[in-house]
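J.: Pasted the sequence and its predicted model underneath.
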Amino acid sequence: MGVAGDPKNKSLDLTGMGVAANNIIYGRPAGASAAALGDGTNLTNLTGGLIEIKFEPDGSVLDASDNPEDHGLFLYHAIYPSETAFALSVLGATGRVKVWNFSAGVNEYVE
């Protein structure tokens, strides 16, 4: 089980290449549908400004009670919300990660 500060933990920094940290927003842009993604995942709440997703050796993602735990991470750029909105879904039973892009035309996230 990973713990804070463990050198095996990996963090992902989404800033750089001209993108300032305050321009990356977690959540959905205003007016976007709050419906679950096509695979049933929905927005995972932040805890202390973070989301911890721990992949098991078999690829699955489990909660503290060893039950599969799905996650949905939604992000967008503050200046261009509808054009940049996307989501990542992580299915706990398999560890499958999928990228979904927001389509303003249908007001939903699509594969």
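T.: All right, it came through fine.

J.: Apart from its neighbours in sequence, what residue is nearest the residue most central in space within the chain?
T.: The chain has residue 73 as the residue nearest its centroid, 1.7 Å off, counting by C-alpha atoms, centre = their mean. Beyond its immediate neighbours in the sequence, the residue positioned closest to residue 73 (C-beta to C-beta, 6 or more residues apart in numbering) is residue 88, lying 4.5 Å away. Yep, even glycine has a C-beta here, placed from its N, CA and C like the rest.

J.: Surely that neighbour forms part of a strand?
T.: Yes: looking at residue 88 with DSSP: H, G, I helix; E, B strand; the rest coil, it is inside a strand.

J.: residue ranges of the strands in the protein, please?
T.: 24-26, 71-77, 86-91, 96-103, 108-110 (DSSP state E).

J.: out of those strands, nearest to residue 55?
T.: strand 86-91 (8.6 Å; C-beta to C-beta).

J.: For the closest one, enumerate the helices and strands it packs against.
T.: strand 71-77, strand 96-103 (3 or more C-beta pairs under 8 Å, 6 or more residues apart in numbering; DSSP states H and E).

J.: buried ones in that strand?
T.: Across strand 86-91, burial judged by 16 or more other C-beta atoms under 10 Å covers 87, 88, 89, 90, 91.

J.: thinking again about what came up before, deepest of the helices and strands packed on strand 86-91, which one?
T.: Neighbour counts (mean count of other C-beta atoms under 10 Å) averaged over each of the helices and strands packed on strand 86-91 peak at strand 71-77, with a mean of 19.

J.: With only the CA atoms kept, save stretch 97-111 in CSV.
T.: What follows is stretch 97-111, C-alpha atoms only, in CSV (Å, rounded to 0.1, in the frame of the first residue of the first chain):
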residue,chain,number,x,y,z
VAL,A,97,-8.3,4.3,-18.5
LYS,A,98,-10.2,6.1,-21.2
VAL,A,99,-10.1,9.7,-22.5
TRP,A,100,-13.4,11.5,-23.2
ASN,A,101,-13.7,14.8,-25.1
PHE,A,102,-16.5,17.3,-24.4
SER,A,103,-18.7,17.9,-27.5
ALA,A,104,-20.6,21.2,-27.1
GLY,A,105,-22.8,20.2,-30.0
VAL,A,106,-24.4,17.3,-28.1
ASN,A,107,-23.5,18.7,-24.6
GLU,A,108,-21.8,15.5,-23.5
TYR,A,109,-18.4,13.8,-23.2
VAL,A,110,-17.8,11.4,-26.1
GLU,A,111,-15.1,8.8,-26.9
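
J.: I'm done for today, thanks for sticking with me.
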